[in-house]
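Chemist: Fold the following and give me the result.
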Amino acid sequence: MPLARPQAAHPPAAEKALKTPVLPLGALLFGFALSPAAHAAEEPVKTLTPVQVTDSAEKPSAANSYQGQTTKVGKLKQLPKDVPQGLTIVTEKLMEDRNQTTLKDALSNVAGLTFNAGEGGRIGDNMNLRGFYSFGDLYMDGIRDTAQYNRDTFNLQQVDVLRGSGSMLFGRGQAGGVINQVSKEAMLYDINEVSTTIGTHDYKRVTADVNRALSDTAAFRVNLMKTDAGSTRDFVRSERDGFAPTLRWGIGTANEFSISHFYLKTHNTPDYGVPFYRNRPLGVSANTFYGTRYDYEDNDTNMTTGSYTHRFDDGSELKSVLRFANYVRDLWAAQPQLRTAWTSPNACSGTVTNLTGSSLICRSIKARGAEEDTITSQTDYTTKFSTGSLKHEALVGMEFLKENLSRWSYSTTGIAIPATTVSNPDASAPGLGIMYGHTNRSAINRYRGDSRAFYAQDSIEFIKNWKMLVGVRQDELRADYETPTSGYKLHYAEKSYRSGLMYQPTDESSYYLAWNDSFNPTADLYQLDSSNAYKPERSRTTELGAKWELFDGNLSLRTAVYRATKFWERNTDLESTGGLLSKKRHTDGIELEAAGRITSKWEVFGGWTLMDSVIDTPGYTYNSATGAVTQHNANLKGMRPRNVPRYTYNLWSTYKLSGGWRIGAGMEGKGNRLAYGIGAGTTAITPNVAPSYNRVDAMIAYEQPKWSARLNVLNVFDKRYYESIYENGGHAVPGTERAIQLTTTFKF
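Modeler: From the prediction side, this is the model:
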């Protein structure tokens, strides 16, 4: 029997204007001071009709399908077809079937997305979407989460990727889109799951998901994770520990509360891959590692989040969220570099700490750390009402963000890396040595920022089946910088806009035209650029798209054509002196995507995109001390931007056999990607090139009600490919060679 897709609830329109004032943040804090019992002692409130839940009740369908069911990425709970922008939802089931345990793995399901490698010491998740960097557009449950760390999926219900400028919804943002991680919530049914994975290359992982209904309106859930994994790269390891408890009460009543904590500790070996040689990645074995066995990248992430939701009798809703986050990170690594001149034996770029006579490779130490604290408060009010024949769905909100960051380098005086002994590009025997400890911090930079934003949006049904969306946001940012030699202040006040026109002739079809824009200040991502000469980045997107639901709503299709344009593009390399990469560049693209069930046994998820990306106007570097302006190479005009392939695609499909067996397979691929430096001069630019690739994965699973076993084979044909590149052209990081992983899951 076909599975019916759940429809979003539509409470009746309000008959009068809102009379209740916006709840101040203090009320949220007071709410957390009350126990569930104290709330029960309050005056009676109108509650929703109770729902009977049994142990045999199925999980929400989002956990059992590749098709995304609902999303809150637009600050409203919506079906994807009601969002007038391209939207990709990576569901929990898709991540589980492909054994994708990191956010980076999960995002390989997103067409039009590529990964950056080691951007001048920038560590953690680092990606481009539609050709524009998006590591500054990472969110956790709608709250900014741009710190530099490697994210895990153990506590994720789904990942929402909203295409186009963040606009009124998020303010600061890029033309590519927003990546929002959706955490698992405590639910009114019991879950008891433990999964273990073992695999080749010393891969070991265990996770647990336990949920308890404490009463008819309260529940507690905890997710745990421990990973200790090698890789197909020599000496590269990843160790991760995760803990995520959530307490939720008042579920289904007029007043709902939630408090949660998220802890993730990672200890990884940073991988700078292999250098480029004659404009191609160095032709050594794919497992060749040029660092040392003592390189490390450590991250400690802690987030405590509280929320309060009040539901009014007329269907309106007020939600306040408060989050305290702390991020601590350290990096100590040896980065490989290719000699810059064969005729000069000692010529290497950067700070070189070792070099031997005829070596092809030299290495430099990357040693830095940082600690970041953020406090975020968000309050959103949503309501529906009518004015004459017009039907409105309105949103108003405000956001306050306080950021405090210290970033430093470690002194490497007197520390040497043992020599690298590769003497030709085909050799594969790099030397390894001991990295000595460090204690001294130097070049300490500090950033303190205070942001506030107010926003409003209205979706108006002005004719039957026709809706118009209009939204505006005002952001104000005040920031103080301190460097070892100076201190200065920045102040930005900018507006962002969101607009769209939707036509929905049936419940199964939706057509839209959208225009959105957003901004980024000089202070974005704490680049510590002392120049106030650059205008804020502006990102604008125009998109024409269509969404359909087939097979009784079980299969979602979407397509879109778009132009995304960025003005005043910043350099995102933290080691650079700052600078304007381009005054204008754009990407024209087309996207196709499918997700869901074709039959009750056959499920698919896939996407394909073509991108034509061009630098329209090169940028320049401004010297704030002298006022001198240095124009960038005019040959950049008309070039394809870095790390932007002309095409990407991904496809994954599973089929259910008899007797509890299920099989699956899929492919992903990207066109070639360019890497090159941007600066002054007039010489022709010959970029380094990471070649195109296609990779095949496969799966076989045996599933029973209380347990299951799944075998995943990654890169079935052992294809050599490079999953990420350093945009400036220094190196490329090979993807996994063939790997086999066996996962067993027990439910009790």
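Chemist: Let's test this: mean pLDDT of the lengthiest strand in the chain, rounded?
Modeler: If you go by DSSP state E, the chain has its longest strand at strand 361-387. The predicted model gives strand 361-387 an average pLDDT of 89.
Chemist: Show the pLDDT at the nearest residue to Thr70 once chain neighbours are set aside.
Modeler: Among residues not flanking Thr70 along the chain, Lys77 sits closest, at 5.6 Å (CB to CB, 6 or more residues apart in numbering). Using the backbone N, CA and C atoms, a C-beta is placed for each residue, glycine as well. pLDDT recorded at Lys77 is 91.
Chemist: Could you do Gly433 as well?
Modeler: Predicted confidence (pLDDT) for Gly433: 32.
Chemist: What of Pro618?
Modeler: Reported pLDDT for Pro618: 92.
Chemist: Contact partners for it?
Modeler: Counting by CB atoms under 8 Å, 6 or more residues apart in numbering, Pro618 makes contact with Ser582, Lys583, Gln631, His632, Asn633, Ala634, Leu636, Lys637, Ile678.
Chemist: Let me know how buried the second one is, in neighbour terms.
Modeler: Summarising burial for Lys583: neighbours were counted as other CB atoms under 10 Å, giving 17.
Chemist: Can you give the strand pairings for whatever helix or strand it lives in, parallel or anti for each?
Modeler: Counting by DSSP states H and E, the element that carries Lys583 is strand 580-597. Using DSSP bridges, strand 580-597 pairs in its sheet with strand 555-570 (antiparallel), strand 602-622 (antiparallel).
Chemist: Please identify the most buried of the ones you listed.
Modeler: With neighbours defined as mean count of other CB atoms under 10 Å, the strands paired with strand 580-597 peak in mean count at strand 555-570, which reaches a mean of 21.
Chemist: The longest strand of the chain packs against which elements?
Modeler: Packed against strand 361-387, as judged by 3 or more CB pairs under 8 Å, 6 or more residues apart in numbering; DSSP states H and E, are the following elements: helix 25-33, strand 143-144, strand 317-338, strand 390-410.
Chemist: nearest to Glu537, of the ones you listed?
Modeler: When the helices and strands packed on strand 361-387 are compared by CB to CB, strand 143-144 sits nearest Glu537, at 16.3 Å.
Chemist: contacting residues around the closest one?
Modeler: Contact with strand 143-144 is made by Leu138, Phe170, Arg172, Thr305, Val321, Arg323, Thr374, Thr376, Gln378, Leu401, as judged by CB under 8 Å, 6+ apart.
Chemist: Just name the closest of those residues to Gln335, please.
Modeler: For these, the residue nearest Gln335 by CB to CB is Leu138; the value is 24.3 Å.
Chemist: these two touch, right, the closest one and Asn126?
Modeler: No: with contact taken as CB atoms under 8 Å, Leu138 and Asn126 are classed as non-touching, separated by 10.0 Å.
Chemist: and the helix or strand hosting Thr266, C-alpha only, in CSV?
Modeler: Taking DSSP H and E as the criterion, Thr266 maps to strand 255-268. The C-alpha trace of strand 255-268 is given here as CSV (Å, rounded to 0.1, in the frame of the first residue of the first chain):
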residue,chain,number,x,y,z
ASN,A,255,3.7,25.9,27.2
GLU,A,256,6.6,23.7,26.1
PHE,A,257,10.1,23.8,27.4
SER,A,258,13.3,22.1,26.4
ILE,A,259,16.9,22.2,27.7
SER,A,260,19.8,20.3,26.1
HIS,A,261,23.5,20.1,26.0
PHE,A,262,25.8,19.1,23.2
TYR,A,263,29.4,17.9,23.8
LEU,A,264,31.8,16.8,21.1
LYS,A,265,35.5,16.2,21.6
THR,A,266,37.7,15.4,18.6
HIS,A,267,41.3,14.4,18.3
ASN,A,268,42.3,14.1,14.7
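Chemist: Give me the helices and strands touching that strand, please.
Modeler: Judged by 3+ CB pairs under 8 Å, 6+ apart, strand 255-268 is in contact with helix 25-33, helix 36-40, strand 238-249, strand 296-311.
Chemist: partners of the longest one, with directions?
Modeler: Strand pairing for strand 296-311, using DSSP bridges, gives strand 255-268 (antiparallel), strand 317-338 (antiparallel).
Chemist: between it and strand 361-387, how many degrees?
Modeler: Relative orientation of strand 296-311 and strand 361-387, computed by axes from the mean of the first three to the mean of the last three CA atoms, to 10 degrees: 0 degrees.
Chemist: Next, the contact list for Gln457, please.
Modeler: Contacts of Gln457 by CB under 8 Å, 6+ apart are Lys75, Met168, Ala394, Leu395, Val396, Leu469, Val470, Gly471, Val472, Arg498.
Chemist: so where does it fall, helix or strand?
Modeler: strand 441-463.
Chemist: neighbours around the nearest residue to Gly230 once chain neighbours are set aside, how many?
Modeler: Spatial nearest neighbour of Gly230, chain neighbours left out: Asp202 (3.8 Å); criterion: CB to CB, 6+ apart. For Asp202, the neighbour count with other CB under 10 Å is 11.
Chemist: List phi and psi for Asp202.
Modeler: The phi and psi torsions at Asp202 (degrees, to the nearest 10) take the values phi 60, psi 40.
Chemist: my guess is it contacts Thr227, does it?
Modeler: No: using CB under 8 Å, Asp202 makes no contact with Thr227, being 11.4 Å away.
Chemist: Report the beta-bridge partner residues of Thr88.
Modeler: According to DSSP bridges, beta-bridge pairing links Thr88 with Val161.
Chemist: err, Leu405, not the other one
Modeler: Note on Leu405: beta-bridge partners by DSSP bridges are Glu372, Tyr447.
Chemist: Just give me the neighbour total for it.
Modeler: Residues within reach of Leu405, counting by other CB under 10 Å, total 19.
Chemist: Verify the stated contact: it with Asp480.
Modeler: No: contact criterion CB under 8 Å: Leu405 and Asp480 do not qualify, at 10.9 Å.
Chemist: okay, and the common contacts of these two?
Modeler: Joint contacts of Leu405 and Asp480 (CB under 8 Å, 6+ apart) are Arg446, Tyr447, Arg448.
Chemist: so what's Val210 up against?
Modeler: Listed by CB under 8 Å, 6+ apart, the contact set of Val210 reads Ile191, Asn192, Glu193, Arg221, Val222, Asn223.
Chemist: And the strand holding Lys583, what's buried?
Modeler: 580-589, 591, 593-597 (16 or more other CB atoms under 10 Å).
Chemist: And stretch 740-748, by the same measure?
Modeler: Within stretch 740-748, the residues scored as buried using 16+ other CB under 10 Å are Gln741, Thr743, Thr745.
Chemist: Helix or strand: which one has the last one?
Modeler: Spelled out, it's Thr745. In the assignment (DSSP H and E), Thr745 maps to strand 739-747.
Chemist: just for this structure, where's the confidence low?
Modeler: Along the chain, segments meeting pLDDT under 70 span 1-63, 119-122, 339-361, 412-439, 522-533, 572-578, 624-625.
Chemist: Met667: what secondary structure?
Modeler: Of the three states, Met667 takes strand under DSSP: H, G, I helix; E, B strand; the rest coil.
Chemist: what about it, neighbour count?
Modeler: 15.
Chemist: That one against Tyr693, yeah?
Modeler: No: between Met667 and Tyr693 there is no contact under CB under 8 Å: 10.4 Å.
Chemist: Pull the distance from the longest strand of the chain to the chain's centre.
Modeler: Strand 361-387 sits 11 Å away from the centroid of its parent chain (CA atoms, centre = their mean, to the nearest Å).
Chemist: now stretch 220-239
Modeler: When C-alpha coordinates are averaged (CA atoms, centre = their mean), stretch 220-239 and its chain have centres 19 Å apart.
Chemist: List the buried residues of it.
Modeler: Buried residues in stretch 220-239, counting neighbours by 16+ other CB under 10 Å, are found at 221-227, 229-239.
Chemist: Alright, I will stop here.
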